[in-house]
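K.L.:
sharing a model that was predicted from the sequence below.
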Amino acid sequence: MARNEPWSDTENAVTVRAYLNMLEQELTGQHYSKTQYRREVAERIGRSEASLEWKFRNVSAVLADQRCVYVRGYKPAVNYQDSLADEVARQVRGRPDFFHKMDTAVDRDAADLLDLNWTDSVMPTEVLITDGPHRLHTRGYHTDYVAREAANKSLGDRGERAVVRRERSILEAAGRRDLAEQVRHVSLEDGDGWGYDVKSFEPNGEERHLEVKTTRQSINWPMIVSRHEVRVSESKPEHYVLMRLYNFGDGTGYYELHGAISATCDLDPLDYLALPKAGAA
């Protein structure tokens, strides 16, 4: 079969079924082999493994555009066809427990991990959830899992605690035990209205105001920030650090964005506070 021949409905159906099987196994903590899935599907539909891997990434993009969890390792590839998105929606509707499994995975409590293997990363180079043509689809997806995971207090708290320990460890290693003893878990000790979670220091004594955003998802998973956090970051950008923890608990990675959030992030308003205009009735 030629590489440039359009994918048929049957090929899409087989591919989406395999992808959702992988995702359900991942959501429920089951071990599986991406390679085995890819080889079996490629052989069944007569496509190359490379083209199939790209199609799996298209499926990730369908789910990402609907704010759903997607399979780790298949970074969303945009510009998918509506027929693929329709097939994903059709098969999801045929899996009654699909969103329950996603709910459970996103809502589960996080362990207080005392020994993390940190991976220092640069920020993502691609915006993978955009205001593109696919964002306006209405296909029955009922939950914004980006917002839902961000509301997981256990996950957020464990991420903040891990950062507090890490900041203290770094300062102690730099010979600044005096500063390490002053690191504060601000959101826990003083309340969450300060616009950041952790007060720390550079070894030279400069303050670091860290707003910690924790996810179990990949490095490309978007963050939820509040208007207040944006304003606080703009008031003292020289101290403000937006710290992203990703793959939390499973090879935890992080990156830091220094300065005003409005300068370091593309901000997409998800909700509006609406009041009736005078004379609108």
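P.N.:
Here it is on my side, so go on. Keep in mind it's a predicted model, so treat the numbers as computed, not measured.

K.L.:
dump stretch 79-99 to PDB, keeping only the CA atoms.
P.N.:
Only the C-alpha atoms of stretch 79-99 are listed here, as PDB (Å, rounded to 0.1, in the frame of the first residue of the first chain):
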ATOM      1  CA  ASN A  79      -3.400  18.400  11.700                       C
ATOM      2  CA  TYR A  80      -5.400  15.200  12.000                       C
ATOM      3  CA  GLN A  81      -8.500  14.600   9.900                       C
ATOM      4  CA  ASP A  82     -12.000  15.000  11.300                       C
ATOM      5  CA  SER A  83     -12.700  11.400  10.300                       C
ATOM      6  CA  LEU A  84     -10.100  10.300  12.800                       C
ATOM      7  CA  ALA A  85     -11.500  12.500  15.600                       C
ATOM      8  CA  ASP A  86     -15.000  11.100  14.800                       C
ATOM      9  CA  GLU A  87     -13.700   7.500  15.100                       C
ATOM     10  CA  VAL A  88     -12.000   8.300  18.500                       C
ATOM     11  CA  ALA A  89     -15.300   9.700  19.800                       C
ATOM     12  CA  ARG A  90     -17.300   6.700  18.500                       C
ATOM     13  CA  GLN A  91     -15.000   4.200  20.200                       C
ATOM     14  CA  VAL A  92     -14.800   6.200  23.400                       C
ATOM     15  CA  ARG A  93     -18.600   6.100  23.600                       C
ATOM     16  CA  GLY A  94     -18.500   2.300  23.200                       C
ATOM     17  CA  ARG A  95     -16.300   2.000  26.300                       C
ATOM     18  CA  PRO A  96     -18.600   2.700  29.300                       C
ATOM     19  CA  ASP A  97     -15.800   2.700  31.800                       C
ATOM     20  CA  PHE A  98     -13.300   4.700  29.800                       C
ATOM     21  CA  PHE A  99     -13.800   8.100  31.600                       C
END
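
K.L.:
buried residues in it?
P.N.:
For stretch 79-99, the neighbour count (16 or more other C-beta atoms under 10 Å) marks 80, 84-89, 91-92, 98-99 as buried. Yep, even glycine has a C-beta here, placed from its N, CA and C like the rest.

K.L.:
what's the spacing between that stretch and its chain's center?
P.N.:
Distance, stretch centre to chain centre, for stretch 79-99: 20 Å (C-alpha atoms, centre = their mean, to the nearest Å).

K.L.:
circling back: which one of the buried residues of stretch 79-99 is nearest residue 71?
P.N.:
The nearest member of the buried residues of stretch 79-99 to residue 71, counting by C-beta to C-beta, is residue 88 at 12.3 Å.

K.L.:
contacting residues around the closest one?
P.N.:
Residue 88 makes contact with 16, 20, 59, 62-63, 139, according to C-beta atoms under 8 Å, 6 or more residues apart in numbering.

K.L.:
switch to 10 Å and redo it
P.N.:
12, 15-16, 19-20, 58-59, 61-63, 66, 68, 80, 139, 141 (C-beta atoms under 10 Å, 6 or more residues apart in numbering).

K.L.:
what helix or strand does it sit in?
P.N.:
According to DSSP states H and E, residue 88 maps onto helix 82-93.

K.L.:
and residue 234, by the same measure?
P.N.:
Assigned by DSSP H and E, residue 234 falls within helix 227-235.

K.L.:
packing partners of that helix?
P.N.:
Under the contact criterion of 3 or more C-beta pairs under 10 Å, 6 or more residues apart in numbering; DSSP states H and E, helix 227-235 touches strand 207-214, strand 240-246, helix 261-264.

K.L.:
how about residue 52, nearest residue that isn't a chain neighbour?
P.N.:
Leaving aside its chain neighbours, residue 52 sits nearest to residue 42 (4.8 Å; criterion: C-beta to C-beta, 6 or more residues apart in numbering).

K.L.:
from the chain's centre, how far out does the host helix or strand of that neighbour sit?
P.N.:
Per DSSP H and E, residue 42 falls inside helix 34-45. Relative to its parent chain, helix 34-45 has a centroid offset of 27 Å by C-alpha atoms, centre = their mean.
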